[in-house]
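Trainee: model this:
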Amino acid sequence: QGENDAVVFFWAKNIVPNVDTSPTSVIDIAPTILDLHGVDIPESMTGLPVGTAPQDRVRYSGASARLGVVQSVTRGSERGVFYWRTGAFEVTDSVTDPGRHINLFNPSSAQTQDLWELMKPYVYAADPLLAAQPTWPEGLSKE
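Mentor: Numbering: from 1, shown residues only. This is a model prediction of the structure:
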């Protein structure tokens, strides 16, 4: 959650105050700075300058720490969080539950299925890089 619900500040003597709540990620910092300085953004950068991403932009986050490997996918107000160690896949929606306390996981719901389909390629991309092996969520396809 810290990756996708974060605050970033830029400071300069002549900066104009502004607030932007569009969907952003850490990969947007470098393109934003380049854009602010009028420098062309290389095609190899996958981030977008802050304020230019569509509202339904899909964002990913991941960590390997005390809780093991944890990955998340966020699309709009919906988020899926996958815990490799237990195979849990938590589904939340910040519109119906701003604190994200209610797990809406239901393997047969379209919301869970859609978020899981977005998550799977991200899990497969991380798998060869980590010593841990994922425990796949019950009721969801790993294919």
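Trainee: so where do the helices sit in this structure?
Mentor: 29-36, 110-126 (DSSP state H).
Trainee: could you dump the ones you listed to JSON lines with mean pLDDT?
Mentor: Below are those laid out as JSON lines (pLDDT from 0 to 100):
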{"stretch": "helix 29-36", "mean pLDDT": "92"}
{"stretch": "helix 110-126", "mean pLDDT": "96"}
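Trainee: Make a markdown table from the ones you listed and add distance to residue 58 and mean neighbour count to it.
Mentor: To be clear about C-beta, it is placed using only N, CA and C from the backbone, and glycine gets the same treatment. Output for the helices of the chain, formatted as a markdown table (distance: least, C-beta to C-beta, whole Å; neighbours: other C-beta atoms under 10 Å):
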| stretch | distance to residue 58 | mean neighbour count |
| --- | --- | --- |
| helix 29-36 | 17 | 16 |
| helix 110-126 | 6 | 16 |
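Trainee: Determine which of the ones you listed approaches residue 137 most closely.
Mentor: Closest to residue 137 of the helices of the chain is helix 110-126 (C-beta to C-beta; 7.3 Å).
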